[in-house]
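Colleague: Generate a structure from the sequence data that follows.
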Amino acid sequence: MDKVQLGQSALHVSKICLGSMTWGEQNTEAEAHAQLDYAFERGINFIDTAEMYPVMSRAETQGSTERYIGTWLKKTGLRDKVVLATKAAGPNSAISWIRGGRARNFDAANLKAAVDTSLRRLQTEHIDLYQLHWPSRNVPVFGNNVFNPKHERACVAIEETLAALDELVKAGKIGAIGVSNESCWGVNEFIKQSELRNLPRIATIQNLYNLTARHYETSLLDETCYREQVSLLAYSPLAFGQLTGKYLDDPRAHGRLTIFPSNWSPRYVRPATVEAARRYAQLARDHGLTPTQLALAWCYSRWFVASTIIGATNLEQLKHNIDAYAIELPLELIKQVDQIHAEITNPGQ
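Modeller: Next up, the predicted model:
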């Protein structure tokens, strides 16, 4: 498994990152441990989680994912062999149970509380990559595509957040830092403030990227991150399973798009997204590939994707997802992908 450096940090991670958002909801602790064992055997040294996981986030299960990772680290003794990443939840009134009902934001008190509780669940003294799950300020995320000044809200200044993270770095609790669901302006502002104030520099951005959501390429984020050495961690490469073709073959197939409410993540069930998924699935099959292989090989091969975050609910899926790394897409197939994208542009963004 190839390795890549994250930004200007000292972290070197596998080109595939093991995602964990189903653990504690769709997967048991034993199943999570089996996935971790298998991924590590295949050369994956990068694990991504979040304090709000699993999804859908519920008071009864919140934090279970980090706990499962913690018990695996303790059982195997592999803490020094893996790069561990987690995320702090930002403002969202729908998840009031996180951090004991505190007003979640990215000020010093909240970030310290978030880091300390994650460390306890993970049974470790250090988080290698600590990320802000979504911005404190008003930004269109999670399927909202249009910035609206009317939605402005009180937020924590980026320089204040960086200062708080700096204290956690100096305390040895976290290493590199990253953002998630961020915009081009946000990346530039984080970098500007870190340089002006001699504060930690973001190493990564974890944003949505898949065949139905290629906004990263056209929002100036790709150029910004290239020139500023901020590494993209691509999440949802299979569009919550829509790009596997399983819902096309069976609309009632078991998965997040059928077991969770349809309004939870509507971008993946929009008619245009479904149509794009249908065309990509047919294209894959016409070239002797499964839809999953096409979708993942696409992400794995993009020059600007440092590491692709994959998830699975069973070992068969995980093996198939990792094996797709060996697939090289021919130029003619790439041209056909781009043609579909030109005709149905970013429906899953």
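Colleague: List the buried residues for stretch 186-198?
Modeller: Gly186, Val187, Glu189, Phe190, Ile191, Gln193, Ser194 (16 or more other Cβ atoms under 10 Å). Every C-beta, even on glycine, is put in place using the N, C-alpha and C of the backbone.
Colleague: what's the answer for stretch 281-300, then?
Modeller: So stretch 281-300, judged by 16+ other Cβ under 10 Å, has buried residues 281, 283-284, 289-300.
Colleague: can you give me the end-to-end distance of it?
Modeller: 17 Å (Cα to Cα, to the nearest Å).
Colleague: got it, and stretch 318-333?
Modeller: End-to-end distance of stretch 318-333 (Cα to Cα): 24 Å.
Colleague: Ok, stretch 252-268 next?
Modeller: For stretch 252-268, the first and last residues are 15 Å from each other (Cα to Cα).
Colleague: What lies in contact with that stretch?
Modeller: For stretch 252-268, contacts defined as Cβ atoms under 8 Å, 6 or more residues apart in numbering pick out 22, 26, 55-56, 142-143, 213, 239-242, 246-247, 251, 269, 273, 313, 347-349.
Colleague: Of these, select the buried ones using a ChimeraX command.
Modeller: A single ChimeraX command selects the buried members of the contacts of stretch 252-268 (16+ other Cβ under 10 Å):
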select :22,26,55,56,213,239,240,241,242,246,247,269,273,313,347,348,349
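Colleague: what about the helices in the chain?
Modeller: 29-41, 64-76, 108-122, 158-170, 184-197, 215-218, 221-228, 246-249, 256-259, 271-286, 291-301, 315-323, 331-343 (DSSP state H).
Colleague: what about the spatially most central residue of the chain, distance to Ser93?
Modeller: For the chain, the residue nearest the mean C-alpha position is Tyr235 (3.8 Å; Cα atoms, centre = their mean). According to Cβ to Cβ, to the nearest Å, Tyr235 and Ser93 sit 23 Å apart.
Colleague: for Ser9, same thing?
Modeller: Ser9 is 33 Å from Ser93, by Cβ to Cβ.
Colleague: of the two, who's got more company?
Modeller: Ser9 (22 against 7; other Cβ atoms under 10 Å).
Colleague: Could you report the pLDDT at that one?
Modeller: Reported pLDDT at Ser9 in the predicted model: 98.
Colleague: Likewise for Gly101?
Modeller: Reported pLDDT for Gly101: 66.
Colleague: Same question for the one 4 residues further on.
Modeller: In this prediction, Asn105 carries a pLDDT score of 92.
Colleague: my guess is it contacts Ala157, does it?
Modeller: No. Between Asn105 and Ala157 there is no contact under Cβ atoms under 8 Å: 10.8 Å.
Colleague: quick one: contacts for Glu189?
Modeller: Here Glu189 is in contact with Ile158 (Cβ under 8 Å, 6+ apart).
Colleague: What distance do you get for it to Val139?
Modeller: For Glu189, the distance to Val139 equals 11 Å [Cβ to Cβ].
Colleague: The helix or strand of the chain with the lowest mean pLDDT: which residues count as buried?
Modeller: Least confident helix or strand, the chain: helix 256-259 with a mean of 92, by mean pLDDT, DSSP states H and E. Judged by neighbour count (16+ other Cβ under 10 Å), helix 256-259 contains these buried residues: Arg256, Leu257.
Colleague: Then stretch 8-23?
Modeller: So, applying 16+ other Cβ under 10 Å, buried residues of stretch 8-23: 9, 11, 13-23.
Colleague: repeat for stretch 93-102
Modeller: So for stretch 93-102, counting by 16+ other Cβ under 10 Å, buried means Ile95, Ile98, Arg99.
Colleague: out of these, who's nearest Pro330?
Modeller: Ile95 (44.0 Å; Cβ to Cβ).
Colleague: OK, contacts around that closest one?
Modeller: Contact partners of Ile95, counting by Cβ under 8 Å, 6+ apart, are Met52, Ser57, Gln62, Ala89, Arg104.
Colleague: what do you get if the cut-off is 10 Å, keeping everything else the same?
Modeller: Applying Cβ atoms under 10 Å, 6 or more residues apart in numbering to Ile95 gives the contacts Glu51, Met52, Met56, Ser57, Arg58, Ala59, Gln62, Ala89, Arg104.
Colleague: show me the contacts for the first one.
Modeller: With contact set as Cβ under 10 Å, 6+ apart, Glu51 has these partners: 57, 62-63, 65-66, 86-89, 95, 98-99, 104, 113-115, 117-118, 121, 133.
Colleague: same deal with the second one?
Modeller: Contact criterion Cβ under 10 Å, 6+ apart gives 21, 58, 62-63, 65-66, 86-90, 92, 95, 97-98, 104, 114, 133 as the residues in contact with Met52.
Colleague: If we use 8 Å, what do you get?
Modeller: Gln62, Lys87, Ala89, Ile95, Ile98, His133.
Colleague: Just give the nearest non-adjacent residue to the fifth one, would you?
Modeller: When you say that, I think you mean Ile98. The shortest distance from Ile98 to any non-neighbouring residue, by Cβ to Cβ, 6 or more residues apart in numbering, is to Ala89 (5.4 Å).
Colleague: That neighbour: neighbouring residues, count only.
Modeller: Ala89: 22 neighbours (other Cβ under 10 Å).
Colleague: Going forward, count from 844.
Modeller: In the new numbering, first residue 844, that becomes Ala932.
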